[in-house]
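Enquirer: Next come a sequence and a model predicted from it.
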Amino acid sequence: MGKKVVLAKVVLTAFLVCCLAFIAFSSPRAVLVKPLEQGPPGRVELKVDRGCGALYRYGEKLNVEVWAEKDGYLTLFDFWPDGTAHIIFPNQYHQDNYIQGNRWYRIPGDLYPFQFEIAPPGGEEVLFAVVTEHKIDFIPERYYDFTEVFPELPGGEKGAKLITRGLEVIPAGEWWGAAMCFFYAGEIPQTTLKGWGLFVGINRYEYSPLSWVKIDGRNYSLPDLSYCVADAHAMAAALQSTFTKQRVLTDGQATLQALREAFSGWLSQAGEEDTVLIYFSGHGARLKDTDGDEEDGWDEAFITYDRQLLVDDELSEWISELRAKNVVLIADTCYSGTIHRAVRTFRIREEARPLFPPLKDDIIGDFKPGTRAALVVPVERNIVVLTACKPDETAEEEESLGHGAFTYYLLEAFKGPGDMDRDSWITAQEAYRYASSAILQHFNQHPQLYDSSKIPVKLLNLE
């Protein structure tokens, strides 16, 4: 997907020019998910000033923002369109890459003697940040020369694999962290299927690890998760050939206000013939229903980074206001509350369990005709909802998988096995059938499907 073009020459005047172009489906994004799946011991956040997945026009300035929970040494890799990757920080103009922990760094911002300006050609750019406790040259010296403005590495999958191998040799016990972000320059590449994808993954919540969530006036524990960020990036990378318009919101980016703006200001631009996919990986919760529209008396909710509750009523309203013909919602979370770890819901004490009787319905009820919560959906709309488990089951994540269980088997489906009718397309319904069957062999989870019109929604072309 996307055509291969020649990288324009880097111009050095009062600024440095970032040159961008189309990256094929075999982009490094899918490879760079691997370090995130491994659950690095350190927390690093990376974004561009407009948010990952944002569009920058030619001539506009761009700033990269990085945060790490501990002091360390930052290396920022940038995958360019000519098949190479580059180290854009440190660089010839700023070779000291030591940063202090718990502080946001804006690069270039006003602190550094260079600027990034967007120039043709346009397309997708992939950024990958690594912060290590000690200065580690995990990229072979033969691949770069700091007399260059942007030291050059092999690009594409080769460069991405080189970076991941370097991370794997960091000594045991060393602190390090990594994060990934991407954006578009000039224009967002088009495909015959016009896909818009919003991917949300939250491992760590505000004020973590001593965080909590307020439900019906009581505070409940909200422990960190391990693989939700990797889930979001992996799903985005797997589906990028169809859902070329993407935003990935992870950890601190995924506030309730950010999600609200993503729907009202971004997904609202999707046209009537487009397909919108919303993916959420993180903690879920439930709270007492106040408007009488839930069969079991409980509303379900996603918990955002700032410990706010995105209630199913509000989310379903946002979805109903979209113009897109096809809307797919995938939720790798649960809502029942648990006493266990590695489960994507709030934790409750054993003695508090009587406060939370078994759930009888879940977020699917907000779309399913015949239920009190159901929205009025026009007949020409096709809404497909995939959830990780039954209402009163728990959604687990597993270290050996590096993902939530449901997400892991969806990703396996997208590698080819999900194409059950062998027509080279994997639909939302096919991905669900594959993942549902596979997960039952290993976990006590029963994924659920709601399909408003039974019309297959195409997610991925294998050709």
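Expert: Good, I have the coordinates.
Enquirer: which stretches of the stretch 251-400 of the chain form strands?
Expert: 275-281, 284-288, 298-303, 309-311, 326-332, 382-387, 397-398 (DSSP state E, counting those that start in this stretch).
Enquirer: Which neighbouring elements make contact with the third one?
Expert: In this structure, strand 298-303 packs against strand 284-288, strand 309-311, helix 312-321, with contacts taken as 3 or more CB pairs under 8 Å, 6 or more residues apart in numbering; DSSP states H and E. No exception for glycine: its C-beta is placed from N, CA and C like everyone else's.
Enquirer: mind checking how far the longest one is from the chain centre?
Expert: If I follow you right, that is helix 312-321. Centre-to-centre, helix 312-321 and its host chain are 20 Å apart (CA atoms, centre = their mean, to the nearest Å).
Enquirer: Listing partners with orientation, what would you give for the helix or strand containing Ile118?
Expert: Taking DSSP states H and E as the definition, one finds Ile118 inside strand 116-119. The pairing partners recorded for strand 116-119 under DSSP bridges are strand 16-19 (parallel), strand 61-62 (antiparallel).
Enquirer: Mind telling me which of these the model trusts least?
Expert: Per-stretch mean pLDDT for these is lowest at strand 16-19 (a mean of 42).
Enquirer: what's the closest of the strands of the stretch 251-400 of the chain to Leu55?
Expert: strand 275-281 (16.9 Å; CB to CB).
Enquirer: Centre of the chain to the closest one, how far?
Expert: Between the centre of strand 275-281 and the centre of its chain there are 10 Å (CA atoms, centre = their mean).
Enquirer: okay, and for the chain, where does confidence drop off?
Expert: Low-confidence segments of the chain, defined by pLDDT under 70, span residues 1-26, 81-83, 121, 143-147, 187-193, 208-210, 293, 296, 365-380.
Enquirer: can you give me the helices for it?
Expert: Along the chain, the segments classed as helices by DSSP state H run 29-37, 156-168, 228-238, 256-261, 312-321, 405-414, 428-439.
Enquirer: could the ones you listed go into JSON lines alongside mean neighbour count and distance to Phe199?
Expert: As requested, these are arranged in JSON lines below (neighbours: other CB atoms under 10 Å; distance: least, CB to CB, whole Å):
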{"stretch": "helix 29-37", "mean neighbour count": "23", "distance to Phe199": "11"}
{"stretch": "helix 156-168", "mean neighbour count": "18", "distance to Phe199": "19"}
{"stretch": "helix 228-238", "mean neighbour count": "27", "distance to Phe199": "4"}
{"stretch": "helix 256-261", "mean neighbour count": "16", "distance to Phe199": "12"}
{"stretch": "helix 312-321", "mean neighbour count": "19", "distance to Phe199": "15"}
{"stretch": "helix 405-414", "mean neighbour count": "26", "distance to Phe199": "11"}
{"stretch": "helix 428-439", "mean neighbour count": "22", "distance to Phe199": "15"}
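Enquirer: Could you give the bridge partners of Gly197?
Expert: In this structure, Gly197 has beta-bridge partners Gln246, Leu277, where bridges are defined by DSSP bridges.
Enquirer: what about Ala331, how many neighbours?
Expert: Summarising burial for Ala331: neighbours were counted as other CB atoms under 10 Å, giving 29.
Enquirer: what residues are up against it?
Expert: Tyr279, Phe280, Gly284, Phe302, Ile363, Val385, Leu386, Thr387, Ala388 (CB atoms under 8 Å, 6 or more residues apart in numbering).
Enquirer: Quote the end-to-end distance of stretch 86-97.
Expert: Taking CA to CA, to the nearest Å, the first and last residues of stretch 86-97 lie 15 Å apart.
Enquirer: got the buried residues for that stretch?
Expert: Along stretch 86-97, these residues count as buried under the neighbour rule (16 or more other CB atoms under 10 Å): His86, Ile87, Ile88, Phe89, Pro90, Asn91, Asn97.
Enquirer: now the third one, nearest residue through space, not along the chain?
Expert: If you skip the residues right next to it in sequence, Ile88 has Asp78 as its closest partner in space, 4.5 Å away by CB to CB, 6 or more residues apart in numbering.
Enquirer: Run a quick neighbour tally on the one you found.
Expert: In terms of burial, Asp78 registers 21 neighbours under the definition other CB under 10 Å.
Enquirer: what sits opposite it in the beta ladder?
Expert: Beta-bridge partners, per DSSP bridges, of Asp78: His86, Leu127.
Enquirer: Make sure it is actually in contact with Asn91.
Expert: No. Contact between Asp78 and Asn91 fails when scored by CB atoms under 8 Å: they sit 10.2 Å apart.
Enquirer: Could you tell me which residues touch both of these two?
Expert: With contacts taken as CB under 8 Å, 6+ apart, Asp78 and Asn91 have Phe150 as neighbours in common.
Enquirer: mind exporting stretch 424-433 as PDB, just the C-alpha atoms?
Expert: What follows is the C-alpha trace of stretch 424-433 in PDB, where atoms were taken according to Å, rounded to 0.1, in the frame of the first residue of the first chain:
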ATOM      1  CA  SER A 424      -8.200 -12.700   0.900                       C
ATOM      2  CA  TRP A 425     -10.200 -10.400   3.100                       C
ATOM      3  CA  ILE A 426     -10.600 -10.700   6.900                       C
ATOM      4  CA  THR A 427     -13.800  -9.200   8.100                       C
ATOM      5  CA  ALA A 428     -14.700  -8.200  11.700                       C
ATOM      6  CA  GLN A 429     -17.000 -11.200  11.900                       C
ATOM      7  CA  GLU A 430     -14.300 -13.600  10.700                       C
ATOM      8  CA  ALA A 431     -11.800 -12.200  13.200                       C
ATOM      9  CA  TYR A 432     -14.300 -12.600  16.000                       C
ATOM     10  CA  ARG A 433     -15.000 -16.200  15.000                       C
END
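Enquirer: contact partners of that stretch?
Expert: By CB under 8 Å, 6+ apart, the list of residues contacting stretch 424-433 from outside reads 328, 384, 386, 410, 413-414, 418-421, 447, 449, 451, 456-463.
Enquirer: roughly how far out does that stretch sit from the chain middle?
Expert: 20 Å.
Enquirer: Ok, stretch 322-342 next?
Expert: Shown here is stretch 322-342, whose average C-alpha point lies 14 Å from the average C-alpha point of the whole chain (CA atoms, centre = their mean).
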